[in-house]
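J.: Sequence first, predicted coordinates after that:
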Amino acid sequence: MPTYIVLLGPPGVGKGTQAEIIAKTTGLPHISSGDLFRENIKNATKLGEMAQSFMNKGELVPDELTIAMIRERLSRPDCSAGALLDGYPRTTVQARALDKLLTEFGGKVNHVPYIAASKATLTERLSGRWTCKAQGHIFHVKYNPPKKAGICDMDGSKLYQREDDKVETVSRRIKVYFDQTAPLITFYRQRGSLSEIDGDRSIEQVTADLLAVLGN
Ligand code: AP5
Ligand code: MG
């Protein structure tokens, strides 16, 4: 039976950072809806064009587009043993669509680690984040600096600051998270699949907690 892990938490809490690490430990592919949208934008696809206007404002991309994109990605052979989802689902409509899809694949959402941190922490992390152009590897000017400024340690590509990491957009993203995504905390808690993790600590401490709740 495949294993599906949903990493839940506000913008900047460290979902992508932890997913990169946990994907190596579990062997599950890291599927980030944000990365998939950014890839579509880079490749100038129709989906990318539609998603960009929402992302730049800090709004969610409509459910219909997001659900179709995830369905296609999870159907690929590399997800046959399951996946580590980062940034999806983000609304109850998406969560119900995921349940339906995973039933088709003979699986279900097994674990939902929910990482939380204060608003001050989120803002500081997003304002200091640098992301790799080629594959989305994540750095922080203070907490996880690259060996060479502006260059990705992993693949040597250039680092850039995400368009939606501007101060005004960050506040909008955090508000949208509390309005539209936070209800998923109760949704998964009621099913007994939620584990709460204190994200206001170092990257290593958060990884240790995550691996413990995932039984690794
Ligand atoms: P997405 O790309 O998913 O962004 P997000 O959820 O806002 O989260 P972030 O990627 O900003 O943060 P993160 O939690 O991954 O933190 P990170 O590890 O980078 O989505 C972008 C947009 O796409 C959305 O706004 C929406 O428009 C659209 N979208 C995506 N999914 C969608 C969906 N399902 N439905 C509709 N629309 C969707 O870490 C942040 C920084 O902190 C880094 O610099 C890192 O080095 C540092 N850091 C991490 N952990 C620690 C730590 N413990 N201590 C110190 N520093 C740390
Ligand atoms: Mg991310």
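T.: Arrived safely. Residues are numbered from 1 along each chain as shown. Ligands and ions are numbered 1, 2, ... in the order given.
J.: Find the nearest non-adjacent residue to the residue of the chain found nearest ligand 1, please.
T.: Nearest to ligand 1, among the residues of the chain, is residue 34, at 1.9 Å (CB to the nearest ligand atom). In short, each C-beta sits where N, CA and C put it, glycine included. Take residue 34 and drop its neighbours on the chain: the residue closest to it by CB to CB, 6 or more residues apart in numbering is residue 87, 4.8 Å away.
J.: Check residue 178 too.
T.: residue 10 (7.7 Å).
J.: residues near the one you found, how many?
T.: Burial of residue 10 is recorded as 24 neighbouring residues (other CB atoms under 10 Å).
J.: shouldn't it be in contact with residue 175?
T.: No: under the criterion of CB atoms under 8 Å, residue 10 is not in contact with residue 175, lying 10.3 Å apart.
J.: The residue of the chain closest to ligand 1: helix or strand, and which one exactly?
T.: helix 33-42 (DSSP states H and E).
J.: Please identify the buried residues of that helix?
T.: 33-38, 40-41 (16 or more other CB atoms under 10 Å).
J.: Stretch 185-203 too?
T.: Neighbour count says stretch 185-203 has 185, 187-188, 193-195, 197, 199, 203 buried, by 16+ other CB under 10 Å.
J.: among those, which are within reach of ligand 1?
T.: residue 203 (CB under 6 Å from any ligand atom).
J.: out of the buried residues of stretch 185-203, which are inside helices?
T.: Among these, the members found in helices (DSSP state H) are 185, 187-188, 203.
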